[in-house]
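Student: Predicted model, plus sequence, below.
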Amino acid sequence: MTDHRAGLWRRLTEPKSLDRMAPLPALLTYAALIAWSVVVLFPLYWLLITSFKLPVQVNDGPDYLPFLDFQPSLHAWEYLFVTVGSDTLRPYVNSLVVALASTVLATLIGSLAAYALVRVRYRVKLGAVLAFLLILAGVVVGVLRFGIDWRVALAAGTALMLLVLLTLAPRLRTAVGNEDIQFWIISNRILPPVVVVLPIYMMFQRLGLLDTHVALIATYTAVNLPIVVWLMRDFFASIPVDLEESAQLDGASRFGIVFTIVLPLARAGLAATFLLVLILAWNEYLLALFLSTADAQTMPLLVAAQNATRGPQWWTMSALILIMIAPVIALTALLQRAIARGLIVGAVKG
Amino acid sequence: MPAVSVKLEHLYKSFADIHVVKGLDLEIAEGEFLVLLGPSGCGKTTALRMIAGLETVSDGRILIGGQDVTHVLPKYRNIAMVFQSYALYPHMTVAENIGYPLRVRRVPAAERAVQVREAAAKVDLLDHLERTPRQLSGGQRQRVALARAIVRRPAVFLMDEPLSNLDAKLRGRMRAELKHLQQSLGVTTVYVTHDQIEAMTLGHRVAVMHAGILQQIGPPAEIYNDPANLFVAGFIGSPPMNVIAGRLRAGRFDSPAGSVAVPGMADRDGVILGVRPEDVAVVPAGQGDFAATVYSVEMTGLESIVTCAAHTGTHLAEADGVRPDPGDGQIVARMGRDFAAETDGRVGLRLTPDRLYLFDAADGRRLRA
Amino acid sequence: MRQHQSFAEWIDRAAGQIMIWPAVLILLAFSIFPLLVSAYLTVTRFRLAPGGFELRYVGWLNFKKLLFGSQQYHLLGTFSALTATDWLIFALAAGTAAWLFVGAVRSGTVGTVGLIGRLIAAAVLLALLLLALAVTGDGAFPGTLVVTVFYVLAGVSVQFLLGLGLALLCAQRILGRSVFRVVFFIPLTVTPVGIAYLFRMLADVGKGPLTPLLAAFGLGEVSWAADPWSARLVVLIGDTWQWTPFLFLILLAAVENQPRDQVEAARLDGAGDWQVFRDVTWPAIAPVAATVVLIRLIEAFKIIDLPNILTNGGPGIATESLTLHAFIAWRTQDLGGSAAVGYTLLAVAVVCCVSFFHFVVRRARAHERP
């Protein structure tokens, strides 16, 4: 009897062959994975059915199955795309423009910087950096505290900086190198947006660019730049330098090399980085809240706005969230392989 | 493209405090195949990379075709380079790889295709133009790299150990192909290697470098037969030259293991005698110049390499210019393939009289009569 | 023609500068410059004035108000007297910190900067601990600082454990691995604002899908939104739902990347699952794990969307994060206070992230580079 039970236990816990899982662990594994899938998918299912419900059906208490529990209705979709069509479309287009433009810019500028940090040697005099910060602080205080016109202060600051560069800097010894520049760029990501958003708000207000695409694109580019540098630099470092030197001898310029050799070879990383940054820009809320009000309003703000005076409009909100997720998921499915490969290099070499 | 000359004038290169190339002077004639030979770390690759413009020059000048290019960007030097790793672009097909130099020069696609086929034909790659480098064998990759180098008819070829990633058999074949290709194109070529066989077989002249300094330059036969110093003598030849420490007295070289006549030499101490294995004959005990015991006999098929332990003396496997350590005396002789001898048997060694080289033990300088 | 050539050459020679300057300039304009302006804002009071606004210099009044004055309850919380247990915990922590510090001094390998850094890190972390102890207890109430740190610590650890567990399960020989991978990725793509509403919908008592379930447990009448801890828990669940995929995805890639021959060697030596994990998998993925936790840590401090929309920071200020606090201050035109809260967040985030980088990430990667 004990023998038999031991045999049964063994059959359950030990695999029949090396390329198969034992029944019991397999069962538990699938149970756990399916459980988490439910956790992930059920909320999305709820979104989907809620978007087809009438207000009265939502407020009545939970209905789970369309056609059985309730009769699906297109009214939320109709409301969004027909009744207030342009009010839905405009933020959607805004989000598309802002997210795509800022992602392209951040990926491009960040990749160039990451590449340069890997392949070009920089020496920046520490003294010059400190002088620059001091002068900048002086300009800020001068403008804000003592009411000096910002153009005057800027001109004076520039002149002072040039003076420092021409006279003092050549004599200074201590310099910062690539590692320091890289650390500085990446560490910008630690900066909570809320710390810098007030001055950025004031800056764009001065420039008359509040509530425009430009303001959002520029800010998102800046905010996501450190991630691009962080993720891309290891891709570039892993490309054999021989390839670039060979291209150099063959007559290609630095930029030619970057665009014909380096970037194509790093495309897995580029895809992963692009997607990650795109998701961050597409979903961003806080900065948009400060920098856009009506004309440049993005989708997250529109979703948030569905919490109107009449109480939350769950049905339209659900539909909006769904049309926000859809393109990202499509893109993710397309880039899936590249992302898995891309993320690992960035993270592994971190 | 007419062949051009390359001239290095007093070239220096240092990385921080490390001096890699120290005052290199070289003149490479139009259409010449020059081999830079030396052990790893001798500065030969750095010198090549300076010619290419991939490395800045600390001091000195580089002239290509009589023009000073010391500070000219690599792409304006009209140079093609074959890298040790081949440096093929993995995301491009063979045709795209070969055509890349033309593409960056904005050669129209149609013309490019013609030239790519021409270059590919020269290295026998026409059947593989649409493959990617990953699908090719080592030798084929090597050929792609060559085709990419010749496609734009450069003034100078630079090759950095191009054959070192191939297996022995393929290396022999590619060597012959390279030589043929260079001769038929007549392009000035600088070839870096640490392999003396490649150096001897390929080069019109061989420049031997050591520790950043040019040791000797000349045709392969001259390098082999008339080494300028102990380093060159020891580096060239396989098995390497035998070296025996001793002194000169009354026209003879004396060492504890024996003595041999070297006519016309003045008396002095601290002398090293060098003799190549093929100039050593194993003779019955009691005869010859040196007394020794047989240590091992290796039959290669073509010949027998006989390693003998001289009764006292010296041997330096990789002569590096320093004073050899006396007492470890092994002398290698190259004998016919039917040579037979018992291990530990006593023998005599006879040296060919006019094939002896004498060096100053202190600085490795060649001593001549 | 000559002109053209020399221009192209100039571009080529200056490429190193041309490539780096856009990034540097953007960061100067959007982070260094704003950081300085913000620093100035912390010592001023903002007032609307005819034709714009004016900033009046008030010294460190903004910080004083937050740390000791009328806003203390908001940032730090309401204190209760520390109990004997609280003191014991704090003494233990302080003792450990002192012991580690003495060890660092003794080792002689840590420079002056390193020692000062360690002192600052220890001071900030101990102060946070003391604060956390002081605001938990009868009649006490945590402020936004402790709540934020709670979100970060609890959120990141739960997400890491879940992500690692799922990654290990998914790395086995299972069917449909790529399906699971895509499904698990989805929450990452949903805007946090959407997640907030979604969870508000799901957690709704009465209309939410869980109503029957809660009723069965006799919880039907409990409103989670009215209880501070259950409200924070719901925020945490939303955060976990969103971010677990991120950790899962990267950890899965790391697990799949572990040296196959080592696993096989360990199996041949008779190691069980746990031993394989402990001796092969974990050492192989530790560097990635440390880095990905650091990335998550950096982002976690910025939490705002979820508490803002899910609970409106309520009940009271129970679920408010520092970023939300700063945002609310801004909305009430207290720009100085807003900047001061922001700087508090920056200081805490920098100390925590830099400490984590030095003491965990660096160490995990110590024997990685040849």
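Tutor: Structure received.

Student: can you give me the strands for the stretch 201-350 of chain A?
Tutor: Taking DSSP state E, counting those that start in this stretch as the criterion, the stretch 201-350 of chain A contains strands spanning A:307-308, A:311-312.

Student: For residue 313, give me its contacts.
Tutor: All of this refers to chain A. Contact analysis of residue A:313 by CB atoms under 8 Å, 6 or more residues apart in numbering or on different chains lists A:55, A:306-307. The way it works is simple: take the backbone N, C-alpha and C, and place the C-beta from them, glycine included.

Student: actually chain C
Tutor: Contacts for residue C:313 (CB under 8 Å, 6+ apart) come out as C:307, C:319-320, C:324, C:328.

Student: Filter those down to the ones in helices?
Tutor: C:324, C:328 (DSSP state H).

Student: Lowest mean pLDDT across the strands of the stretch 201-350 of chain A, which one is that?
Tutor: In terms of mean pLDDT, the lowest-scoring of these is strand A:307-308 (a mean of 72).

Student: Following element in sequence after the helix or strand harbouring residue A:49, please.
Tutor: Taking DSSP states H and E as the criterion, residue A:49 maps to helix A:23-50. Downstream of helix A:23-50, the first helix or strand assigned by DSSP H and E is helix A:55-59.

Student: Contacts for whichever helix or strand comes after that next one next, please.
Tutor: Heading C-terminal from helix A:55-59, the first helix or strand you meet, by DSSP H and E, is helix A:75-78. With contacts defined as CB under 8 Å, 6+ apart, helix A:75-78 is touched by A:51-54, A:315-316, A:318-319.

Student: restrict those to contacts with chain B.
Tutor: Counting by CB under 8 Å from any CB of the partner chain, nothing from the contacts of helix A:75-78 sits close to chain B.

Student: Include distance to chain C when you put the residues you listed into a markdown table, please.
Tutor: What follows is the contacts of helix A:75-78, written out as a markdown table (distance: CB to the nearest CB, whole Å):
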| residue | distance to chain C |
| --- | --- |
| A:51 | 11 |
| A:52 | 14 |
| A:53 | 10 |
| A:54 | 13 |
| A:315 | 10 |
| A:316 | 11 |
| A:318 | 8 |
| A:319 | 11 |
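
Student: who wins for most neighbours among those?
Tutor: Highest neighbour count within the contacts of helix A:75-78, by other CB atoms under 10 Å in any protein chain shown: residue A:318, with 27 neighbours.

Student: what's near enough to touch that residue?
Tutor: A:46-48, A:50-51, A:76, C:201.

Student: hmm, 10 Å instead?
Tutor: Residue A:318 makes contact with A:44, A:46-53, A:58, A:76, A:303, A:306, C:194, C:197-198, C:201 under the criterion CB atoms under 10 Å, 6 or more residues apart in numbering or on different chains.

Student: care to break the chain down by domain?
Tutor: With no chain named, the answer covers chain A. Using automatic domain parsing, the domain ranges for chain A come out as A:1-41, A:49-81, A:84-122+A:180-349, A:123-176.

Student: could you do chain B instead?
Tutor: Domain assignment for chain B by automatic domain parsing gives B:6-230, B:237-367.

Student: quick one: buried residues of stretch C:83-101?
Tutor: For stretch C:83-101, the neighbour count (16 or more other CB atoms under 10 Å in any protein chain shown) marks C:86, C:89-90, C:93, C:97, C:101 as buried.

Student: Return the distance of that stretch from the chain's centre.
Tutor: Relative to its chain's centre, stretch C:83-101 lies at 24 Å (CA atoms, centre = their mean, to the nearest Å).

Student: right, so the domains of chain B: which one is the most enclosed?
Tutor: For those, average neighbour numbers computed from mean count of other CB atoms under 10 Å in any protein chain shown are highest in domain B:6-230, which has a mean of 19.

Student: hmm, that domain in reach of chain C?
Tutor: Yes: among the residues of domain B:6-230, B:72-73, B:75-76 lie within reach of chain C under CB under 10 Å from any CB of the partner chain.

Student: Out of these, flag the one nearest to residue C:16.
Tutor: residue B:73 (13.1 Å; CB to CB).

Student: wait, what's in contact with that closest one?
Tutor: If you count contacts by CB under 10 Å, 6+ apart, residue B:73 has them with A:248, A:251, A:253-254, B:53, C:9, C:12-13.

Student: For residue C:216, list the residues it contacts.
Tutor: Counting by CB under 10 Å, 6+ apart, residue C:216 touches no other residue.

Student: Can you check the distance spanned by stretch B:193-212, start to finish?
Tutor: Taking CA to CA, to the nearest Å, stretch B:193-212 runs 15 Å from one end to the other.

Student: Are that stretch and chain A in contact anywhere?
Tutor: No: legend: contact between stretch B:193-212 and chain A by CB under 10 Å from any CB is lacking; minimum distance shown is 17.0 Å.

Student: before we move on, what about stretch B:166-185?
Tutor: No: for stretch B:166-185, no contact with chain A is found by CB under 10 Å from any CB; the gap never falls below 16.6 Å.

Student: Look up phi and psi at residue B:10.
Tutor: phi 50, psi 50 (degrees, to the nearest 10).

Student: quick one: pLDDT of it?
Tutor: On pLDDT, residue B:10 comes in at 92.

Student: now do residue A:343
Tutor: pLDDT recorded at residue A:343 is 59.

Student: Kindly report the same for residue A:349.
Tutor: Per-residue pLDDT puts residue A:349 at 43.

Student: Check residue C:257 too.
Tutor: Listed pLDDT for residue C:257 reads 80.

Student: ok, now residue C:250?
Tutor: Note on residue C:250: pLDDT of 85.

Student: Help me see whether the one helix or strand it maps to makes contact with chain A, please.
Tutor: Assessed by DSSP H and E, residue C:250 sits inside helix C:228-256. Yes: using CB under 10 Å from any CB, helix C:228-256 reaches chain A at C:237-238, C:240-242, C:244-246, C:248-254, C:256.

Student: That helix: which residues count as buried?
Tutor: C:228, C:230-232, C:234-255.

Student: about what we covered before: can you check which of the strands of the stretch 201-350 of chain A gets nearest to chain B?
Tutor: Chain B sits nearest to strand A:307-308 of all the strands of the stretch 201-350 of chain A, at 49.3 Å, using CB to the nearest CB.

Student: What are the boundaries of the helices in the stretch 51-200 of chain A?
Tutor: A:55-59, A:75-78, A:85-119, A:126-146, A:150-163, A:178-187, A:193-207 (DSSP state H, counting those that start in this stretch).

Student: Can you add mean neighbour count and give those back as TSV?
Tutor: Converted to TSV, those look like this (neighbours: other CB atoms under 10 Å in any protein chain shown):
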stretch	mean neighbour count
helix A:55-59	16
helix A:75-78	17
helix A:85-119	21
helix A:126-146	17
helix A:150-163	14
helix A:178-187	17
helix A:193-207	21
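
Student: how far away is the residue nearest the centre of chain C from chain A?
Tutor: Geometric centre of chain C, nearest residue: residue C:300, 2.7 Å, by CA atoms, centre = their mean. From residue C:300 across to chain A, the span is 11 Å (CB to the nearest CB, to the nearest Å).

Student: can you count the residues close to the residue lying closest to that residue once chain neighbours are set aside?
Tutor: Nearest non-adjacent residue to residue C:300, counting by CB to CB, 6 or more residues apart in numbering or on different chains: residue C:152, 4.4 Å away. Other residues lying near residue C:152 total 23 when counted by other CB under 10 Å.

Student: Average pLDDT for the helix or strand in which residue C:152 is found, rounded please.
Tutor: Following DSSP H and E, the helix or strand that holds residue C:152 is helix C:144-170. Across helix C:144-170, pLDDT averages out at 93.

Student: For it, buried residues please.
Tutor: Counting neighbours by 16+ other CB under 10 Å, one finds that the buried residues in helix C:144-170 are C:144-152, C:154-156, C:158-160, C:162-164, C:166-170.

Student: That one to helix A:23-50, inter-axis angle?
Tutor: Relative orientation of helix C:144-170 and helix A:23-50, computed by axes from the mean of the first three to the mean of the last three CA atoms, to 10 degrees: 130 degrees.

Student: Can you list the residue ranges for helices in the stretch 251-350 of chain A?
Tutor: Using DSSP H, counting those that start in this stretch, helices in the stretch 251-350 of chain A cover A:254-257, A:263-265, A:267-283, A:286-291, A:299-305, A:314-349.
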